[in-house]
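**Student:** Below are the sequence and a predicted model; questions follow.
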Amino acid sequence: MALLETHELGVSIAGIPVCREISIAVEARQCWGILGKNGSGKTTLLHTLAGLRPAANGDILINGNRLQHLTRRQIARSIGVLFQDYNDIFPSTVLESALIGRHPYLNTWQWETENDVALARSALQQVEMDNMESRIVTTLSGGERQRECDAHDPDRLVHMVP
């Protein structure tokens, strides 16, 4: 079973089709790229795949489940999106930022546990950033920032970077 798949997916912007009849199956350990001119709909497609905007037609499935039947929490446990423009309103450390990946697993108003901290540290180690956990995120380079976002939740099935 594919981690993420689409069947005859259509994506439109203001009624103008930008993607038609896309059928893909993203399997574990695969890396995909989306190429196109500026303004051609690449980011809109990724936002649609993540359930952040509706599809014009077709189906999106995560682990065989239709996207529209999943809760935001279930989707967040499977898909991560690193947006093009990201401004840190509050300064945070790399470890604090990595802990954001644990939020879909917490109840409302629940704080992270020691287990969550251990999982975040393990994720930072997997992306070779365990020696940076005390650094303020705004001091990271662009590449370091993308690696740090991968550490948000290594259990997510798909990470999408517009």
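**Tutor:** Okay, I see it. A quick note: this is a predicted structure, and the numbers were derived from the prediction, not measured. Numbers count the residues shown, from 1 in each chain.
**Student:** just for this structure, where's the confidence low?
**Tutor:** The model of the chain has pLDDT under 70 over residues 82-88, 146-162.
**Student:** What residue spans form the domains of it?
**Tutor:** Domains of the chain are assigned by automatic domain parsing as 4-70, 94-155.
**Student:** I'd like those domains laid out as TSV, including distance to residue 78.
**Tutor:** Glycine gets a C-beta too; all of them are placed from N, C-alpha and C. Formatted as TSV, the entries for the domains of the chain read as follows, by distance: least, CB to CB, whole Å:
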stretch	distance to residue 78
domain 4-70	5
domain 94-155	9
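**Student:** Compare these and give me the one nearest residue 79.
**Tutor:** domain 4-70 (5.1 Å; CB to CB).
**Student:** Quote the end-to-end distance of that closest one.
**Tutor:** Taking CA to CA, to the nearest Å, the first and last residues of domain 4-70 lie 13 Å apart.
**Student:** and what of stretch 97-105?
**Tutor:** Distance between the boundary residues of stretch 97-105 (CA to CA) amounts to 15 Å.
**Student:** which residues in this structure form helices?
**Tutor:** Here the chain has its helices, by DSSP state H, at 42-49, 72-76, 94-98, 114-126, 142-150.
**Student:** Give me the distance between the fourth one and the centre of its chain.
**Tutor:** On the basis of CA atoms, centre = their mean, to the nearest Å, the separation between the geometric centre of helix 114-126 and that of its chain is 18 Å.
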